[in-house]
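Asker: here's a sequence, model it:
(chains A, B, C and D)
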4 protein chains.
Amino acid sequence: MIKLGIIGVGRIGRVHGESITKYVEGAEIKAIADAYLNDDQKKWAKEKGIPNVYTDYKKIIEDPEIDAVLICSSTDTHSKISIEAIKAHKHVFCEKPIDHDICKINKVLDELKKNPKVKYQVGFNRRFDHNFRAVRQAVKDGKIGEPHVLKITSRDPEPPSIDYVKVSGGIFLDMTIHDFDMARYLMDSEVVEVYAAGNVLIDNAIGEAGDIDTAIITLKFANGSMAVIDNSRQCSYGYDQRAEVFGSEGQVSVSNDSDSSAVISTKEGVTGEKPMYFFLERYIQAYAQEISEFVDAIINDKDTTVNADDGLKSVLIGLAAKKSLQENRSVKISEV
Amino acid sequence: MIKLGIIGVGRIGRVHGESITKYVEGAEIKAIADAYLNDDQKKWAKEKGIPNVYTDYKKIIEDPEIDAVLICSSTDTHSKISIEAIKAHKHVFCEKPIDHDICKINKVLDELKKNPKVKYQVGFNRRFDHNFRAVRQAVKDGKIGEPHVLKITSRDPEPPSIDYVKVSGGIFLDMTIHDFDMARYLMDSEVVEVYAAGNVLIDNAIGEAGDIDTAIITLKFANGSMAVIDNSRQCSYGYDQRAEVFGSEGQVSVSNDSDSSAVISTKEGVTGEKPMYFFLERYIQAYAQEISEFVDAIINDKDTTVNADDGLKSVLIGLAAKKSLQENRSVKISEV
Amino acid sequence: MIKLGIIGVGRIGRVHGESITKYVEGAEIKAIADAYLNDDQKKWAKEKGIPNVYTDYKKIIEDPEIDAVLICSSTDTHSKISIEAIKAHKHVFCEKPIDHDICKINKVLDELKKNPKVKYQVGFNRRFDHNFRAVRQAVKDGKIGEPHVLKITSRDPEPPSIDYVKVSGGIFLDMTIHDFDMARYLMDSEVVEVYAAGNVLIDNAIGEAGDIDTAIITLKFANGSMAVIDNSRQCSYGYDQRAEVFGSEGQVSVSNDSDSSAVISTKEGVTGEKPMYFFLERYIQAYAQEISEFVDAIINDKDTTVNADDGLKSVLIGLAAKKSLQENRSVKISEV
Amino acid sequence: MIKLGIIGVGRIGRVHGESITKYVEGAEIKAIADAYLNDDQKKWAKEKGIPNVYTDYKKIIEDPEIDAVLICSSTDTHSKISIEAIKAHKHVFCEKPIDHDICKINKVLDELKKNPKVKYQVGFNRRFDHNFRAVRQAVKDGKIGEPHVLKITSRDPEPPSIDYVKVSGGIFLDMTIHDFDMARYLMDSEVVEVYAAGNVLIDNAIGEAGDIDTAIITLKFANGSMAVIDNSRQCSYGYDQRAEVFGSEGQVSVSNDSDSSAVISTKEGVTGEKPMYFFLERYIQAYAQEISEFVDAIINDKDTTVNADDGLKSVLIGLAAKKSLQENRSVKISEV
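Answerer: Okay, the predicted model is just below:
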C-alpha cells in the first residue's frame, strides 16, 4: 500500500483526497499539511480517516513512511517543495504549473536527473479525460491520417477574482496552459512558434489588472501542422471544452459532457442540457484517473503520464504567447 | 412533352401544380378543373400559364391531347374519376386514399386490369422523401441484417377541423394510412395482423365526432417481423416524422428536418430548431419527386413507384385497425 | 455507521459490494453469505475488508449487529429470505423480481405490514439512472404538459444462456419487468391493460425453451395515457436503453450513453461511439445511487425509492403480458 | 418580367441559369454569351428555351431590352465587363472576386457612383445559405449578446487543378475570400488586422505553384472582437462548412448539411452521412436565393444584399492575409 501525503488541502487538494479514498487502488493518505489549516479541512481529514494533519509540510517530507507527495499548495511554492521532496526521495505529483519561471522549473528538472528513481507527474488532468483520450487514441491509431490542424475551444464559465488574476501569471500561464499541454498531447509534436491575439471583452477590471479575458492563439508545430486555441474567461452556458483534429484522412472531434442526454422539444425549440458547470464537475473522472496512474507508475515502476518536461514545455509556450501578445508578432519558442 | 390535367385544385392540387411548373422535366399542365373554382385558383392558373381552366373535370377526361390526370378532388370522388380516366386511357395519379370502401377500390383495380397500359400511381408522398428513402436503402442493402422491428412516430402539429374529422374516415384511414404504407415500404413484407390502442387525449370534440386523437398500433408482418406506429393529432413542437428499423445486424433511424442546423447555447440550455411545421414544408421535395417519377413512368414505360395495389393494402390495414380499436382485439387483415 | 450483510455474491451482489465500499457514505459491509461460495468470492471479500464470510445466509439474519441485508441470491429465494429478514427486523434491499408468484410477493407485503419500521427496497436500478431521472423530472415539472404517450426501447446486447432462459420466468418477468417499472415511474399512473406481441427472431433455441426474443408491448394507464415498449434480446450495437415521453406541451427523450463523445468523420461517414455494452457498464452510477438511497432511507427514516408494492405491480404487468402473448388478446391487470 | 443576359456559361453560369428558369420569379434569360461556346452549352440553352446565344458578350451589353447581366466569365474579365455593363445602364450580378487588383475594383466603384441607379451585386453565395442566415439572425436578434469570437471552418473536398491554382490569386483570394466576406457578414464589423499562418500539407505541387493548401487566419475587428478561420484544400469527408459565434450571452453554431438524417448503428459504431460533397450540392438553395434577391432588388428598387463595397473589402482582407503569410507578421488592412 503506497502511503501518500498531500501538501495543500484547498479545493484541488481535497479533490485528490476524495479520489484517493474512493477510486484509487493501492494507495492511502497518511498525512496532509496546510499552512492555513482551518476547521473545515480538519473535519474533512477526520471523515476521510487521515491519521496525520499538519500545518508544516516538512513533517510530510521528513516522514520516512510516506512514499509520495501531492503538491497542491500555491504555485509559488511548487518548485521549492518539489525539490525538497525529490531530495527526500519522495515521488511527486505537482499541480500545474511547476512555476512561471523557467529557471525554477529547470532546477526541478536538474534535481530529478540526480534522482532518476523518483517519479514526477504534473497535474495536467485533461490528458486523463475520457473524451480527450478518445481523440488522442483516434489520432494515434491513424484513423484521421496525418494530423494537419488542431482546434481547441476552452472557455471558463466565469472569470476568477481580480485578486487571483493579478497573481495568476496571466491567462496564458493560468488557463491556456492546459490547452498548450493538450495541443502537444494530441498532435504529438513540439510547438515551435506562437501567435496570440487577445482582448478585454468581458470585464475591464481584468484589463486594468494587466490581463486579457478573450484570446485566439495560433501554434505552429515542428512537423508543419498547426493549431488554434480560443479562450474566454466567461462562457454563459458553462464550461466549454472541445477539441477537433483534422487530418489527411479524416477528422475527430469531441463535444461537451452534460448531466444527462435529456432533450426537451416544445414550441420553443429542441433543447438539451448545458455543458457541466466547471472543472470539478467536468473532470471528476479525469482527476481520479490521473492519481490512479501516478500511483500505478510508482507501484509498477512506469514512466509517469505527464512528466516534468511536459510541465516545462507548456510554460515555454505560455511565455511565448505572452510575448507574442505584448509585441503583436509571431514568437518562436526558442526566443523565450 | 407529357400533357397533364389536374382535377381539384385545392391545397394539394396546387402543390402538384407548383412542382410540375418548377421541377418536373418533360411535363406541362394543359388544364385544371375544379367544381368550386374560385378567383384565387383562376389567378393561380394564369400565373402558371395554364391554358385551360374548367369547372367540369369531364372536359379534361375528354381532351384527347391530355396524357394523364392528377386526381386531387375530395376522397369520395377518387374511385369514380379514376375509373372514368382509365377508361379514357389516361394515366392516373390519384391522391390517397383511393377510397375508404374496398369494393370501390377493387373496381378501380378491375378497370386497370382491362387497361394494362394505363399507369396508376397513388399519392403516398412519403415514399419519395430523402430520409425515408435512406432508411429503405439501408434495409435493402442489408446494412442492418434481417429487419425485426420497425418503429414509426407520426404526429401532426394540429388536428384538422371537426367538420373534416367527421368525413375523414377516422384517424387510421386519414392519417395513419401514410404510416401503414410506410411500414409496408420499409419492411418489404405484408401486414397480416393489427392491434390498435387509442384514446381521446387532445380534444373531446374529436371523441364526440366518433374518432380518437392518439394511437399506438402494433403490426405483425407475414415474415414474422413487427412494427409499432404511434400517432398524435397535436404535437406542440411541429410535425414529428421519424422512423427506425431494427434488425439482426444493426439499426437505421431518421430524425426530423428543420429549417437550419443552428444551435444556440445559452444559460437556458442548448437549443436547436423545431421540426418543420407540417407536410407542405416538410415534404416539398417529396411531392416534386413523386410527380417526377409518375411522369418518368409514363415517358419510359416503367411501373409506377406506388401502385393501386399499394393503395388497396394500406386501406385494408386501416380498416383492420379500425375494427381492432372498436373490438379491442387483434384483428387479422383477412378478417376485413 | 449502518452495517450491511449481502446474501448472494454473484455478479450483482459484488456490484453492490463495490458500490458500498467506494461510493456509499454511512454504510459498511459486515458480512457476506453465499451457498456456493468460491475462492474468487473469498478473495474479493478479503480485498474489500469484509470481516465475515459465510455459506449460510442465516448467520447474517441472526447477527443482531447487522442493520440491513441485500438479497442478491437467485430469484426463487427472494421472498423466503425477505420474510425471514423482515421478521428479524432487518431492512431489506431485494433484487428484482421479488418472485414470479403473486402469492409469495403478497406474503412479503403482509410481513411488511406487521413490521412497519422495516425499510424494503426492490432493485429497479434504472430509476436511479441520470438519464431516466431527467425524464421523470421533466415530466414532473410539467415541461411537457400532460403525458400522453411513453415509448421505451430496451434491447440487450446478447441473450442469456438457454439454461437461464428456461428458469427466467420468460422475457416479460426477466427483462421487460424493468421497463414495466420504468413505465409506472415515468408516467406516474397505474397500468390497467396490456397487449403483447412477440416472436422468436434471433435464436430458435429460445423458442424451443418456451420463450420469445423480440416483443412489442402496449400498455394502457388508468389516466388514459398509453405506452409502448419494444424489446430485443440481441442488439448488435450494444445495450439500447432509450425512453421518450410525449405530452400535450412537448416531448422529452433520452438517448444512449457511450464511453466518449468522440465522432470520427472520414470518407466512410460520420461515426460516433456505440452505446455502452451492457448493464454493468451502463448503470454503474445507478447501482451506486440505489444503494446510497437505501442507506439514506434507513439513516433518515425515509420511504424507500422503490418499495415492495412497486415490486408487486411490475410482476402483475409481466404476468398480464405473458397471458396476452399466450392468448393473443388485450389483458386487464385485474385478470391476473 | 426582367430580362437577363448571362456572360460566361461555364459551370457557375449554368447554375445561375438553372436557378432562374426553375426558382426565380419575375425574370427570364434573354441571351447568353460565351467566348468559348461549345455544343453542350448550345444544347443547354436550347433546353432552357433561351432565345439568343452569342460568342461575343458585347451583343448582350448592346441589347436595349436586357435589364441586367450576370458576369460569370473568368475573373480577369470581371471588372472590364462590369464597367461596360454599368455604362450601358445594365444592372450587374458579378461573380466573386470583382478582381484581384484593388485599382480595378475601385474603377468599378467609381463607375457605379456615376450610375447610382445601377444595382450591383457580388456573388458571395454563402450569405444566402439557410444555415449562415440563421447564425446572422441569431446574432442580430441579440440571442448571444455582444459577439466576441467567430470561428469559421471551411474545407474543400479536393484541391483545384494546379493550372487553376497558378492563376487563382492564391488560397486567400480564391477560397478564403468567401470566409472573409462571411466574417464581415456575421460579425457586422470591419476587419482591421489579419494574421495568417499557412503551410503545404496536402500536395507539394501546390507549394511549387507558390500557394499553400492549409491555413489558419486570425482576424481582428474594429469593435474589438476577433475571428479565426481554418481552411484546407482537401477534406476527406466532403465539404466542411461550419461557423460559430460566441458572445457575452451565448453561442450560436451551424453544422454541415447532408443528404439525409439517416444514422446507422452497428457493431462498428453509430454512423451518419457525410456532409454534401461540394458547393454545387451544398449551396444549390443559396445560389437560387442570391439571384432571386438580385432580381427583387431590381424590381423593387432595393439595395443589393452584397454590394461592390463588400466585393472590395473581402479582397482587401485577402491581400492583407497574403502579405501576412509572406512576412509572417500581423498586417493591418490599412497597409494594403
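Asker: can you map out the helices along the stretch 1-150 of chain A?
Answerer: A:11-22, A:39-47, A:58-62, A:75-87, A:102-114, A:130-140 (DSSP state H, counting those that start in this stretch).
Asker: mind putting those in a markdown table, mean pLDDT included?
Answerer: Formatted as a markdown table, the helices of the stretch 1-150 of chain A follow (pLDDT from 0 to 100):
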| stretch | mean pLDDT |
| --- | --- |
| helix A:11-22 | 94 |
| helix A:39-47 | 95 |
| helix A:58-62 | 98 |
| helix A:75-87 | 97 |
| helix A:102-114 | 98 |
| helix A:130-140 | 98 |
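Asker: burial count for residue A:165?
Answerer: Residue A:165: 23 surrounding residues under other CB atoms under 10 Å in any protein chain shown. Every residue, glycine included, has its C-beta placed from N, CA and C.
Asker: and of the helices of the stretch 1-150 of chain A, who's closest to chain C?
Answerer: Comparing the helices of the stretch 1-150 of chain A by their distance to chain C (CB to the nearest CB), the top pick is helix A:130-140, with 3.7 Å.
Asker: so the closest one, near chain C or not?
Answerer: Yes: using CB under 8 Å from any CB of the partner chain, helix A:130-140 reaches chain C at A:130, A:131, A:133, A:134, A:135, A:138.
Asker: which element follows the longest helix belonging to chain A toward the C-terminus?
Answerer: For chain A, the helix with the greatest residue count under DSSP state H is helix A:308-327. Note on helix A:308-327: by DSSP states H and E, the next helix or strand toward the C-terminus is strand A:331-332.
Asker: would that following strand count as contacting chain D?
Answerer: No: Strand A:331-332 is not in contact with chain D by CB under 8 Å from any CB; minimum separation 10.2 Å.
Asker: partners of that strand, with directions?
Answerer: strand A:191-199 (antiparallel) (DSSP bridges).
Asker: can you list contacts of the following helix or strand past the partner strand?
Answerer: As assigned by DSSP H and E, the chain's next helix or strand after strand A:191-199 is helix A:204-208. The contact list for helix A:204-208 (CB atoms under 8 Å, 6 or more residues apart in numbering or on different chains) reads A:159, A:162, A:165, A:200, A:212, A:213, A:233.
Asker: where does the stretch 51-200 of chain A have low pLDDT?
Answerer: Within the stretch 51-200 of chain A, no range satisfies pLDDT under 70.
Asker: hmm, who's touching stretch A:23-33?
Answerer: Here stretch A:23-33 has contacts from A:1-9, A:13, A:17, A:20-21, A:41, A:45, A:48, A:50-57, A:59-60, A:63, A:65-66, A:288, A:291-292, A:295-296, A:299, C:22, using CB under 8 Å, 6+ apart.
Asker: if any of the contacts of helix A:204-208 are buried, give me the ChimeraX selection for them.
Answerer: To isolate the buried ones among the contacts of helix A:204-208 in ChimeraX, judged by 16 or more other CB atoms under 10 Å in any protein chain shown, type:
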select /A:159,165,200,212,213,233
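Asker: tell me the two of the contacts of helix A:204-208 that are most distant?
Answerer: For the contacts of helix A:204-208, the maximum inter-member distance is 13.5 Å, found between A:162 and A:212 (CB to CB).
Asker: end to end, how far does stretch A:261-280 reach?
Answerer: 20 Å (CA to CA, to the nearest Å).
Asker: re the thing from before, in the longest helix of chain A, what's buried?
Answerer: A:308, A:310-325.
Asker: which bits of chain A sit near chain C?
Answerer: A:22-23, A:130-131, A:133-135, A:138, A:143-144, A:249-257, A:259-267, A:273.
Asker: who is the nearest residue to residue A:150 once chain neighbours are set aside paired with across the strands?
Answerer: Among residues not flanking residue A:150 along the chain, residue A:227 sits closest, at 3.8 Å (CB to CB, 6 or more residues apart in numbering or on different chains). Beta bridges link residue A:227 to residue A:150, residue A:219, judged by DSSP bridges.
Asker: neighbours of residue A:227, just the number please.
Answerer: Residue A:227 has 30 nearby residues by other CB under 10 Å.
Asker: returning to what we had before: so which of the contacts of stretch A:23-33 are in strands?
Answerer: Taking DSSP state E, the ones among these that sit in strands are A:2, A:3, A:4, A:5, A:6, A:7, A:52, A:53, A:54.
Asker: circling back to that earlier point, and the angle for the longest helix of chain A with helix A:75-87?
Answerer: 160 degrees (axes from the mean of the first three to the mean of the last three CA atoms, to 10 degrees).
Asker: show me what contacts residue A:197?
Answerer: Neighbour list for residue A:197: A:215, A:216, A:217, A:325, D:195, D:218, D:220, D:226, D:330 [criterion: CB under 8 Å, 6+ apart].
Asker: make sure the first one is actually in contact with residue A:170.
Answerer: No: if you go by CB atoms under 8 Å, residue A:215 and residue A:170 don't touch, sitting 10.0 Å apart.
Asker: check contacts around the residue located most distally from the centre of chain A.
Answerer: Ranked by distance from the centre of chain A (CA atoms, centre = their mean), the top residue is residue A:267, with 41.7 Å. Under the criterion of CB under 8 Å, 6+ apart, the neighbours of residue A:267 are B:236, B:237, B:274, C:249, C:250.
Asker: and these, which is closest to chain D?
Answerer: Among those, and counting by CB to the nearest CB, the member closest to chain D is residue B:274, at 12.6 Å.
Asker: right, and residue A:169 touches residue A:100 too?
Answerer: Yes: Residue A:169 is in contact with residue A:100 according to CB under 8 Å; the separation is 4.4 Å.
Asker: who touches both of these two?
Answerer: residue A:75.
Asker: buried among the contacts of stretch A:23-33? Make that a PyMOL selection.
Answerer: Selection of buried members from the contacts of stretch A:23-33 for PyMOL, criterion 16+ other CB under 10 Å:
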select buried, chain A and resi 2+4+5+6+7+8+9+13+17+20+21+41+45+48+50+52+53+54+57+60+63+66+288+291+292+295+296
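Asker: pLDDT at the residue nearest to residue A:150, what is it?
Answerer: Listed pLDDT for residue A:227 reads 98.
Asker: I'd guessed it sits against residue A:182; true?
Answerer: No: the criterion here is CB under 8 Å, and residue A:227 misses it with residue A:182 at 9.2 Å.
Asker: spit out the residues that contact the two alike.
Answerer: With CB under 8 Å, 6+ apart, residue A:227 and residue A:182 have common neighbours residue A:152.
Asker: break chain A down into its domains, please.
Answerer: According to automatic domain parsing, chain A comprises the domains A:2-118, A:127-278+A:314-335.
Asker: and the stretch 101-250 of chain A, which residues reach chain D?
Answerer: So the stretch 101-250 of chain A meets chain D at A:145-146, A:148-149, A:151, A:153, A:155, A:195, A:197, A:199, A:201-202, A:214, A:216, A:218, A:220, A:224-228, A:230, A:232, A:234-237, A:240, A:246, A:248-250 (CB under 8 Å from any CB).
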